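> with the sequence up front, the predicted model follows.
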Amino acid sequence: MAASTELATRPPEKGDSRPVNGWIAILRNAWRALTSMRTALILLFLLALGALPGALLPQRSLNQQLVDQYFTDHPTVAPLLSHLGFFDVFAAPWFAAVYLLLMVSLVGCVLPRTIEHAKGLRAAPVATPRNLARLPHHATATLDLPPEEAAARVRGRLRGWRRTEKEAGSGRTISAEKGYLREAGNLLFHLSLIGLLVGFAGGKLYGYEGQVIVMSGGGQFCNTGILGYDSFQAGLQVDGTNLTPFCVQVNDFDATYQPNGQAESYRAAIGYQTTADLQSGHANQWRPYQLEVNHPLRLDGSRVYLLGNGYAPKFTVTFPNGQQRTGEIQWKAVDQNTMLSEGATKFEPPGVTDEQQRRSSQLAITGLLAPTSSRGQVVTSVFPALDDPEVAIDVYRGDLGLDDGRGQSIFEVDQSQIDSGALKRVVRKNLVPGQSVTLDDGTTVRFDSVQKWVSLQVSHDPGQDAVLVFAVLMLLGLGLSLSIRRRRFWARLVPTADGTRTIVEIGGLARTDRAGYGEEFDRIRADLLDGPHGGDSPAADSATVDSPAADSSDDDSLGFDSLHEGLPAGDSRRDASHSDSSPGDNSAADGSVTAAKDG
Amino acid sequence: MLSEFALYSDRLFMAAVSVYVLAMVLHGAEYAVHRSAKAVLIGAGGPALDAEPDEPRPDAPGARSRAERFGRMGVSLVVLGAVLHAASIVLRGLAAQRWPLGNMYEFTSAICLAAIAAWLVMLRRSPAARPVGLFVLLPVVILLFLGGTVLYAPAAPVMPALQSYWLVVHVTTVSIASGLLMVPGVASLLFLLRRSGRLVGFADRLPSADALDRLAYRLTIVAFPLYTFAIMAGAIWAEAAWGRFWGWDPKETVAFVAWVIYAAYLHARATAGWRNGPAAWVNVAGFAAVVFNFFFINMVVSGLHSYAGLG
């Protein structure tokens, strides 16, 4: 019973006999049902269950390609799942319904309890029960002290407890209670949880993330608008017009690898300019920073991360008329262990104004780039570092299809243009830096060098500091509510007939689910009743510590049934089933388990 | 020198597993001896016993002390195994020259050590819980076997994203919390078995249902805040490494699911009608989520946490 009151959502309502309007009754009952612990439990299960597909099915927010793959693999189920929001679980209306109901239930439960707790803090401890012997913890003894001194002794022992005293007949009673921080911690946890969720939601509404690829060796990026990014995910309240301006310049990128090709470290030497720098016109001064994985650049509420890296081959095309064009665009790694990369570097013929002619003479260089080439006929990469680069390229000429209005990947040429014959392969060749190949019309393609690029992410989340603060408070509240025990203690002091001695009866009750009180009660009992003046009275011999079976709900010891330990040899073991009937005695303070009483 | 450390670490690991297996055998013997003694006892519990209720049976005390001896030897071996196990983990760290929690093999090893340590501390406080030891050792030995074979990875440095002191904070706490949660998971399963009234001959050597339930609860309320802290530390690390503190990566999602289930367990313990059987089921489900998160998400689902060091 102690356990059921401890965390019950609210005290049982009394006096519902007033006639009320039917609608109000329905609403009130619905509210009560929603804020009941049982509903909260079911909502918690639904929340856990609802989140699971978010881990088991590919999610659009994480990897669109995996979702597309799923559509290809499961053409019948996928559209249905998609319709039900299973590929966007954490944005799905049904998931939102569960957590919003849970939030409402939480608020509806926690706020009344906060008020209740605030009232309880001012209230005096509960009056002493008439029959202390019925409590789970109980002892009695006659002290060799007059009532006043005995009361002082009890008071002294209960320092730090909330206490109240009452005269009762010829004697007096002392009620005490301790462990109010438990409920305070419990409420702190739940209120902080609400705060954390609000901070999380705020961050999602007002935050953004953008990714951009910047060439090493002086490439720059400025956070001035969405157009500067390669991809951008904006919160609902972000329209991209009010980004905090700052600039980043990537001076150098350095990666080190173990002999087996596993990456050891990634470092980008960058310079940056803050909003203040930009406003004060220091356009040519860059503050140096070493950008690494796990070490983002933090400025003005935004963070810049080093997410990835790769290689960009540099090609120079010399057209028959002598004009030169240089292309340097990122290729992407297809194998992270060797950094073998693929891509497409595209060229427009210079000085051609005739649309028809222009469209028939566009060039694309595609193929593979090996940072450390195997130097075989078929170019493969044997190591991720840029030790001995080689490219294996196909040069295409014709119509790249750039004008048909559709978006095109920067990493490949449009396969449909090749299939339709609009784009023809004119040469295939392996090149090392400095080598070139001449096409049938006299155009030469030279592979100059390889540049490194880094992929940066800019993140802005105005809610995350609040989330951190509330997370710390949650942890604090959780620790308090799980470690502190709410317990009550009562003492009744009755003077003996001659008034020189005092019969002291004490009782204790834990208001906490299974948290235990036995050991502490034993210590209090020992201090109060076994000390000086305590042991020499006849009544003290009968001082007992009761641990009836009913005590099991808040017994501190594990109370294992001790069928096989400490029983005297030859004790009858006929009652083999008693192990289910009683949790056994309290363990002593040293943790040893004493024999079951009914052995 | 470093490769020698690695070698000794592997040997100590194998030694620890062997000692655990031996301890399991002894715990099993404790069980068997007890059960054979009990068979005699039930056989004698008929009319003969009624006729002479106070007659001491010569075999019973002997059998009991033998069971006791086996059990105590088992516990001693578990302590020895834990020492070897800890030494193996320390040498692994020295061999790889980093915190020894960088791949599935090392996580498994640490989780099992945490479970064993939690069990030994629990046992010290409540020696009567000893028969549960067999069932704590069983998953530990299975996990260690998997760790030493399927999941094994040689000592090596870790990728750049893992080179952070948050690895120490996050992975250590999450491993300890998972290990701590293993013992309540086992205790709740045994609790359900005990309550179901099935396999009576097998189950009645166990502590009472009530004691098992309390064992589960008391360890869970230690492990749950630690698990919470581990998730938060992971979020702080993710903010530094991946650009966001929470992104519903599969690992994060299942960690969230497990956390919600354990939260439900704590609430169930305080809800009338849910307190006993249902709460224990919730606890078992919570540990199932932790195990699922460890194996399935690391090995099958691809996500940011896919650095298990496998294939």
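On my side now, so go ahead.
> for the stretch 301-450 of chain A, which segments count as helices?
Remark: helices assigned in the stretch 301-450 of chain A by DSSP state H, counting those that start in this stretch are A:355-360, A:415-419.
> and if you look at the stretch 451-599 of chain A?
Using DSSP H, counting those that start in this stretch, helices in the stretch 451-599 of chain A cover A:464-483, A:518-529.
> turn the ones you listed into CSV, columns for mean pLDDT, distance to A:Pro79 and mean neighbour count.
In short, each C-beta sits where N, CA and C put it, glycine included. Output for these, formatted as CSV (pLDDT from 0 to 100; distance: least, C-beta to C-beta, whole Å; neighbours: other C-beta atoms under 10 Å in any protein chain shown):
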stretch, mean pLDDT, distance to A:Pro79, mean neighbour count
helix A:464-483, 94, 36, 19
helix A:518-529, 84, 61, 19
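> Throw these into JSON lines and include distance to chain B, thanks.
As requested, the helices of the stretch 451-599 of chain A are exported to JSON lines (distance: least, C-beta to the nearest C-beta, whole Å):
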{"stretch": "helix A:464-483", "distance to chain B": "4"}
{"stretch": "helix A:518-529", "distance to chain B": "11"}
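> which stretches of the stretch 1-150 of chain B have low pLDDT?
B:1, B:34-64 (pLDDT under 70).
> how about a cut-off of 50?
By pLDDT under 50, the low-scoring segments of the stretch 1-150 of chain B are B:38-60.
> so where do the helices sit in it?
Shown for the stretch 1-150 of chain B, the helices assigned by DSSP H, counting those that start in this stretch span residues B:2-44, B:47-51, B:59-96, B:104-125, B:133-148.
> how about the secondary structure of B:Ala177?
The three-state assignment at B:Ala177 reads helix, by DSSP: H, G, I helix; E, B strand; the rest coil.
> next one: it relative to A:Ala176, how far apart?
Plainly put, B:Ala177 is 36 Å away from A:Ala176 if you go by C-beta to C-beta, to the nearest Å.
> circling back to that earlier point, using CSV, lay out the helices of the stretch 1-150 of chain B together with mean neighbour count and distance to A:Leu478.
As requested, the helices of the stretch 1-150 of chain B are exported to CSV (neighbours: other C-beta atoms under 10 Å in any protein chain shown; distance: least, C-beta to C-beta, whole Å):
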stretch, mean neighbour count, distance to A:Leu478
helix B:2-44, 18, 33
helix B:47-51, 11, 53
helix B:59-96, 19, 29
helix B:104-125, 22, 19
helix B:133-148, 20, 26
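> relative to B:Ala255, which of these is closest?
The closest of these to B:Ala255 is helix B:104-125. By C-beta to C-beta, the value is 13.8 Å.
> dump the closest one to CSV, keeping only the CA atoms.
These are the backbone C-alpha positions of helix B:104-125, laid out as CSV (Å, rounded to 0.1, in the frame of the first residue of the first chain):
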residue,chain,number,x,y,z
MET,B,104,32.2,-5.1,-31.0
TYR,B,105,34.7,-7.6,-29.5
GLU,B,106,35.8,-5.0,-26.9
PHE,B,107,32.3,-3.8,-26.2
THR,B,108,31.1,-7.4,-25.6
SER,B,109,34.0,-8.0,-23.3
ALA,B,110,33.4,-4.9,-21.3
ILE,B,111,29.6,-5.4,-21.1
CYS,B,112,30.2,-8.9,-19.7
LEU,B,113,32.7,-7.7,-17.2
ALA,B,114,30.3,-5.1,-16.0
ALA,B,115,27.5,-7.7,-15.6
ILE,B,116,29.9,-10.0,-13.7
ALA,B,117,31.0,-7.1,-11.4
ALA,B,118,27.4,-6.1,-10.8
TRP,B,119,26.5,-9.6,-10.0
LEU,B,120,29.4,-10.0,-7.5
VAL,B,121,28.6,-6.8,-5.7
MET,B,122,24.9,-7.9,-5.5
LEU,B,123,26.0,-11.3,-4.2
ARG,B,124,28.1,-9.7,-1.5
ARG,B,125,25.1,-7.8,-0.2
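> which strands and helices sit next to it?
In terms of contacts (3 or more C-beta pairs under 8 Å, 6 or more residues apart in numbering or on different chains; DSSP states H and E), helix B:104-125 is packed against helix B:59-96, helix B:133-148, helix B:172-196, helix B:209-241, helix B:277-299.
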